[in-house]
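K.L.:
below are the sequence and a predicted model for it; my questions follow.
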Amino acid sequence: MNEEQNMMQSIQNVRELAYQSKQLLKETDRIMEKNGYEPLRGTRVYAKWNDNLNERYQENRSFLPPFMARYYILSDGPADKNRVTIFGITVQLYHASLPDLPPLFIGGRIEMDHVPGYDREIESHWLKAALLDREHRGDFTYDETFYKSSRVVEKEDLHNVTAEVMATSLLSIQSVEEIERFMTLMLTSWQSTK
């Protein structure tokens with residue numbers, strides 16, 4: 001394969017990765033809807049990347065989005081009028097500071113005070129940060145199947161925001177049944193706080 005063919009294959013691989021990630025998020029929408037949840041912000045996918053052309057070399061690796069996230073709330077609104085529980089899914093393709101980290105499928109629960117406009121205050125990186133970022137990471141365990149962490153997420157203008165997360169290797173998900181198993185485990189692990 002010559003250099004031009006390599007480049008074309010690389011571009012095709014990135015396009016396929018984006019497509020498969022989108023399909024995975026659509027499948028999580030279907031599973032969450034079946035369990036009584038709806039996505040916040042409709043069809044919007046939360047993603048973040050570095051779009052600064054003057055970035056340092058290390059930051060060049062985040063020019064493409066390192067993760068994509070979706071957040072969900074009970075379709076009939078929060079059960080507790082003082083607290084709101086939000087479930088989320090993040091497809092973590094890579095982490096600029098953790099080059100050996102495999103791609104992850106992260107699921108989690110975020111709890112926060114129920115304040116007007118809470119849904120506009122959710123940060124796209126909360127689940128990823130609670131699991132992976134040194135300044136946010138809480139108690140971290142790994143048991144060959146799942147990574148787990150629990151941590152208070154700090155944000156000055158929100159009160160009592162906490163996140164509990166679990167993750168598995170994105171490469172281990174080979175079927176819709178495996179997505180459903182992960183989502184069911186996530187929802188039942190925190191069912192009592194729904």
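P.N.:
Structure received.
K.L.:
could you list the low-pLDDT ranges of this structure?
P.N.:
In the prediction, the chain carries residues with pLDDT under 70 at positions 49-63, 134-159, 191-194.
K.L.:
how about 90 then?
P.N.:
1, 10-11, 14-15, 17-22, 40-67, 73-86, 93-103, 109-174, 184-194 (pLDDT under 90).
K.L.:
quick one: the strands in it, in order.
P.N.:
Assigned by DSSP state E, the strands in the chain fall at 37-39, 46-48, 67-74, 83-92, 104-113, 139-142, 147-152, 162-169.
K.L.:
can those strands go into TSV with extra columns for mean neighbour count?
P.N.:
The C-beta positions use only the backbone N, C-alpha and C, and glycine is treated the same way. Shown next, in TSV, are these (neighbours: other CB atoms under 10 Å):
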stretch	mean neighbour count
strand 37-39	18
strand 46-48	17
strand 67-74	22
strand 83-92	23
strand 104-113	22
strand 139-142	10
strand 147-152	18
strand 162-169	22
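K.L.:
those: which one's closest to Gln20?
P.N.:
strand 83-92 (9.2 Å; CB to CB).
K.L.:
returning to that earlier point: CSV for the strands of the chain, including distance to Leu127?
P.N.:
Conversion of those to CSV gives the following (distance: least, CB to CB, whole Å):
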stretch, distance to Leu127
strand 37-39, 15
strand 46-48, 10
strand 67-74, 6
strand 83-92, 5
strand 104-113, 4
strand 139-142, 14
strand 147-152, 10
strand 162-169, 5
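K.L.:
mind checking the longest helix of the protein?
P.N.:
Identified as the longest helix of the chain according to DSSP state H is helix 3-34.
K.L.:
who does that helix touch, helix- and strand-wise?
P.N.:
Helix 3-34 sits against strand 37-39, strand 67-74, strand 83-92, helix 176-189, with contacts defined as 3 or more CB pairs under 8 Å, 6 or more residues apart in numbering; DSSP states H and E.
K.L.:
coming back round to it: for Leu25, which of the strands of the chain is the nearest?
P.N.:
strand 67-74 (5.4 Å).
K.L.:
now that closest one, how far from the centre of its chain.
P.N.:
7 Å (CA atoms, centre = their mean, to the nearest Å).
K.L.:
what's in contact with it?
P.N.:
Strand 67-74 is contacted from outside by 21-22, 25, 28-29, 32, 36-41, 45-48, 84-93, 110, 119, 122, 124-125, 127-128, 194, using CB atoms under 8 Å, 6 or more residues apart in numbering.
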